[in-house]
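S.K.: The amino acid sequence is not available; the structure is as follows:
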């Protein structure tokens, strides 16, 4: 089998990621072969790399060109510019992707921008879809300086919500204001957001005391969506205030959501918003995929807000 280049786990380098070689993919009938031009990094996959065996291929987000259409006739045709998602194994120069996980890109949307859509963009989109209407509603987004937060601020504001963005470090306040947050606050417990509540809809990704604070800030019949626990740890919850809030809580894992609606649909929605000028994903760092390890390390150290994109060269 011919060999192709890929980003693989390498415990001996910074960030535990480096270029290596794997066998070229053999697509199934419902899969297209995509020549990858750009990928974006997410905290989850970079965290996994820190404790995975050498040689493992990871990765979720890609954008590129269809080199061979799916044999069953579904999905984008050969030569189409696409954005796509895999549950793992996307960090290679040539990948096989189910046609239902690919969306065609408008000419105005670059590969670099499109590569930020899959995990971060879809998570924000699906979490906000759970709201019972956003126009005129009060929305809180915790961990708002990350990729999901950046998408969520823009989408919620466009839908007519009043958006409060909570970050853990004051140095990231400007980034959430630039994304369109009406209110931007920073602290480690979430309490700084209380002054702008209660909230009809909350997107929560921090866990620990921030999750406890968020629960107590829910408006009656409000909804809280938990999509991450970046801080983790125990929390102390005032049961009386939680009861008075009378809201609901649900968890969200983006790959489970894809069983309800194909990624192709959600990715196309995001691409249209960018094409229309409504959405502008924040890309704080763009580098060659040869720099995957150091860039992943910076992401884990929270050096920059928004997304990091690697170009395949």
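M.R.: Received the coordinates, thanks. Not measured: the values here are computed from a predicted model.
S.K.: Could you use CA atoms for every contact and neighbour count after this?
M.R.: Noted.
S.K.: Report the rounded mean pLDDT for the helix or strand harbouring residue 148.
M.R.: Assigned by DSSP states H and E, residue 148 belongs to helix 147-158. Averaged across helix 147-158, the pLDDT comes to 97.
S.K.: who's in contact with that helix?
M.R.: Contact with helix 147-158 is made by 116, 120-121, 123-125, 128, 134, 139, 141-144, 162-163, 165, 176, 179-181, 278-279, 281-282, 305-307, as judged by Cα atoms under 8 Å, 6 or more residues apart in numbering.
S.K.: which of the residues you listed count as buried?
M.R.: Among the contacts of helix 147-158, those classed as buried by 16 or more other Cα atoms under 10 Å are 116, 120-121, 123-125, 128, 134, 139, 141-144, 162-163, 165, 176, 179-181, 279, 281-282, 305-307.
S.K.: list the contacts for the residue sitting nearest the centre point of the chain?
M.R.: Per Cα atoms, centre = their mean, the C-alpha nearest to the average position across the chain is that of residue 120, at 1.2 Å. Listed by Cα under 8 Å, 6+ apart, the contact set of residue 120 reads 42, 147, 148, 151.
S.K.: What about those residues, which one has the most neighbours?
M.R.: residue 148 (29 neighbours; other Cα atoms under 10 Å).
S.K.: what's the average pLDDT for whichever helix or strand comes after the helix holding residue 148?
M.R.: Moving toward the C-terminus from helix 147-158, the next helix or strand (DSSP H and E) is strand 162-167. Strand 162-167 shows a mean pLDDT of 98.
S.K.: Packing partners of whichever helix or strand comes after strand 162-167?
M.R.: Per DSSP H and E, the first helix or strand lying C-terminal to strand 162-167 is helix 173-179. Contacts defined by 3 or more Cα pairs under 8 Å, 6 or more residues apart in numbering; DSSP states H and E place helix 173-179 against helix 147-158, strand 183-186.
S.K.: Which strands and helices lie in contact with the shortest one?
M.R.: Judged by 3+ Cα pairs under 8 Å, 6+ apart, the packing partners of strand 183-186 are strand 162-167, helix 173-179.
S.K.: For residue 266, find the nearest of those.
M.R.: Residue 266 sits nearest to helix 173-179 of all the helices and strands packed on strand 183-186, at 20.7 Å, using Cα to Cα.
S.K.: picking that back up, is it possible to export the helices and strands packed on strand 183-186 to JSON lines including distance to residue 287?
M.R.: Shown next, in JSON lines, are those (distance: least, Cα to Cα, whole Å):
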{"stretch": "strand 162-167", "distance to residue 287": "25"}
{"stretch": "helix 173-179", "distance to residue 287": "20"}
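S.K.: Minimum distance to residue 229: which of these has it?
M.R.: Comparing the helices and strands packed on strand 183-186 by their distance to residue 229 (Cα to Cα), the top pick is strand 162-167, with 13.8 Å.
S.K.: just to revisit the earlier point, which one of the helices and strands packed on helix 173-179 is the most hemmed in?
M.R.: helix 147-158 (a mean of 26; mean count of other Cα atoms under 10 Å).
S.K.: can you count the residues close to the closest residue to residue 299 other than its chain neighbours?
M.R.: Nearest non-adjacent residue to residue 299, counting by Cα to Cα, 6 or more residues apart in numbering: residue 43, 6.8 Å away. Residues lying near residue 43 (other Cα under 10 Å) number 18.
S.K.: What of residue 47?
M.R.: Applying other Cα under 10 Å, I find that residue 47 has 16 neighbouring residues.
S.K.: for this protein, which spans come out with low pLDDT?
M.R.: Judged by pLDDT under 70, the chain has its weakly predicted residues at 1, 231-235, 239-246.
S.K.: could you redo the last one with a cut-off of 80?
M.R.: Within the chain, the stretches with pLDDT under 80 are 1, 230-246.
S.K.: Tell me how it divides into domains.
M.R.: 3-120+256-311, 131-251 (automatic domain parsing).
S.K.: and residue 46, how far is that from residue 284?
M.R.: Distance, residue 46 to residue 284, using Cα to Cα, to the nearest Å: 17 Å.
S.K.: the more surrounded of these two?
M.R.: Legend: neighbour count by other Cα under 10 Å for residue 46 and residue 284, higher for residue 46 (23 against 13).
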